[in-house]
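**Q** sequence unknown, structure follows:
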């Protein structure tokens, strides 16, 4: 059985794992986490990991944080330039593939067990139809999974940088508020971790009450996590309303993506935020916004919508892609 190397690389952490094919999916054999900023590039991390595991690797794939053009990625949040050919030469790996990190997360949907998915809408999935994957985190990743004759392939996008389309008076006020400092206002200015903070600030400026303790907690911890935790616990009105508005905008954008690529195979919410606010996503506000598409509302009600709960989705996706370059006789 061929062993592959998979990597889910981010601005703060790099996850590397050995994996092998298991039927149509993959199985993680060994995994390790590294602090990305402590290394001058990806190659030293790979060499350190490989020296510890001592395994013979047939192929490798890394999901990297940035656009991959002709096998090269200049990472926006790290001073790295990673190329497939140089990484292979510096590590001794025979075959190296780089893909966008959210593309890896999208591919990971294909290998995520059913018990690691939370259903927001059962729907009726059309076999081999396009699937849409989006995920709010530092930004808003968006990707499409399309059937390519024998398997799904991924189409990475920069859809999160598309324009924010407000619905209702409150969202139009939010857009006007954001336009003071951001022009144009992309959807990820709202549907992201920093977006949740912007919504909270907007509501407080508008006069919604908040506890002084919230500001202190935000100054010493993760501001988005503080807002979400108080919203879910219903201990602060501004936090509650901020999360409500965030979830509504998230649902509307998920519906927009589903329409753009006719994702009747299903819509999947990946990324770090969705699992943490699952109770809010399940309350109905998200799906109401998702289905609120006028003449297309009936169609939207038939599309399955799931939340990916597995934090290893990016690793699984990179491992799946690595397996595609392994010679068939070695699988």
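**A** Received it, and whenever you're ready, just let me know what you need. The model shown is predicted, which means the values in this text are computed figures rather than measured ones.

**Q** What are the buried residues along stretch 207-222?
**A** Residues of stretch 207-222 classed as buried: 208, 210, 214, 217, 218 (neighbour count, 16 or more other C-beta atoms under 10 Å). In this view, the C-beta of every residue, glycine as well, is placed from N, C-alpha and C.

**Q** Keep only those of those residues that are in helices.
**A** 214, 217, 218 (DSSP state H).

**Q** doesn't residue 227 make contact with the last one?
**A** Yes - in this structure residue 218 lies within contact range of residue 227 using C-beta atoms under 8 Å: 7.5 Å.

**Q** what do these two both touch?
**A** Taking C-beta atoms under 8 Å, 6 or more residues apart in numbering as the criterion, residue 218 and residue 227 both touch residue 197.

**Q** what about the helices in this structure?
**A** Counting by DSSP H, the helices of the chain are 42-53, 84-91, 101-109, 169-178, 193-206, 212-220, 223-233, 237-261, 273-276, 278-281, 285-291, 297-300, 313-323.

**Q** circling back to that earlier point, and the ones in helices among the buried residues of stretch 207-222 as TSV, adding pLDDT and distance to residue 286?
**A** Listed next are those as TSV, based on pLDDT from 0 to 100; distance: C-beta to C-beta, whole Å:
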residue	pLDDT	distance to residue 286
214	95	24
217	96	26
218	95	24
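
**Q** quick one: residue 278 and residue 247, what's the gap?
**A** In this view, residue 278 and residue 247 are 11 Å apart by C-beta to C-beta, to the nearest Å.

**Q** between the two, who's got more neighbours?
**A** residue 247 (25 against 16; other C-beta atoms under 10 Å).

**Q** Quick check, the more buried one in contact with residue 279.
**A** No - checked against C-beta under 8 Å, the pair residue 247 and residue 279 is beyond contact range at 10.4 Å.

**Q** Domain-wise, how is the protein divided?
**A** Residue ranges for each domain of the chain read 3-112+311-330, 131-308, as given by automatic domain parsing.

**Q** where are the low-confidence patches of the stretch 1-150 of the chain?
**A** For the stretch 1-150 of the chain, applying pLDDT under 70 flags the ranges 1.
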